[in-house]
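*Asks:* coordinates only, sequence not included:
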C-alpha cells in the first residue's frame, strides 16, 4: 500500500509542468529604486526614483569618483519617498572626464536594515562630463553655449 501511494505521489509530481517549479530569474522584477545619472559640460546630475509605495523609510547613498580610481568628489546619503517627486542632486562643477557612481538604496526603519537596490557588484554607473551633447554641438558654424554658459559669458563681459 505504501509503495502505491509513493508511486502515485511521484506520478503526480512528474505531471506538473517544469515552468511551475523553476523560480523566476532575479532580474525579472523591476528594481524597487533606480538611479538616473547624467552629465553635461561641467556637472553631474543624479536622480533617484522609488518605484513602489510599498517601501517606507528608504534612503539612498552614493559615491562619485573618477572612473579608474581617484579621490571621491562627492559622497552622501539622501532620503527617498514614493509620494514626493525625485529631486536631482547636482555635483559640480567638475573636470571633464568619465566618473563612476556607486550607489545603494536601503530600508531603515530602526528594526529592518535591508538593501533594496544599487549598483551591481563591480559595475558602477558611468557618467561623462564635458562631452558635446546633441546633434550639431561642436560642429563648424554652430554654438555649444547653453543658457548657463551664456550667463557666465555675459557676467564676465559685464564684470559681474
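*Replies:* Received, thanks. Just so you know, these numbers come straight off a predicted model, no measurement behind them.
*Asks:* got a list of what the residue nearest to residue 125 when sequence neighbours are not counted touches?
*Replies:* In this structure, residue 125 finds its nearest non-sequential neighbour in residue 101, 4.4 Å apart by Cβ to Cβ, 6 or more residues apart in numbering. (Glycine included, C-beta is placed from N, CA and C.) The contact partners of residue 101, taken as Cβ atoms under 8 Å, 6 or more residues apart in numbering, are 35, 37, 44, 46, 62, 63, 64, 119, 124, 125, 126, 127.
*Asks:* do the same with residue 66
*Replies:* Residue 66 makes contact with 73, 97, 98, 99, 100, according to Cβ under 8 Å, 6+ apart.
*Asks:* how about the last one, what does it touch?
*Replies:* Right, residue 100. Counting by Cβ under 8 Å, 6+ apart, residue 100 touches 64, 65, 66, 67, 68, 124, 125, 126.
*Asks:* per-residue pLDDT, the fifth one?
*Replies:* So that's residue 68. The model reports residue 68 with a pLDDT of 89.
*Asks:* Next one: the residue nearest to residue 125, what pLDDT does it get?
*Replies:* Reported pLDDT for residue 101: 96.
*Asks:* Bridging across strands, which residues link to it?
*Replies:* Beta-bridge pairing for residue 101 (DSSP bridges): residue 64, residue 125.
*Asks:* got it, and residue 35?
*Replies:* Note on residue 35: beta-bridge partners residue 48, judged by DSSP bridges.
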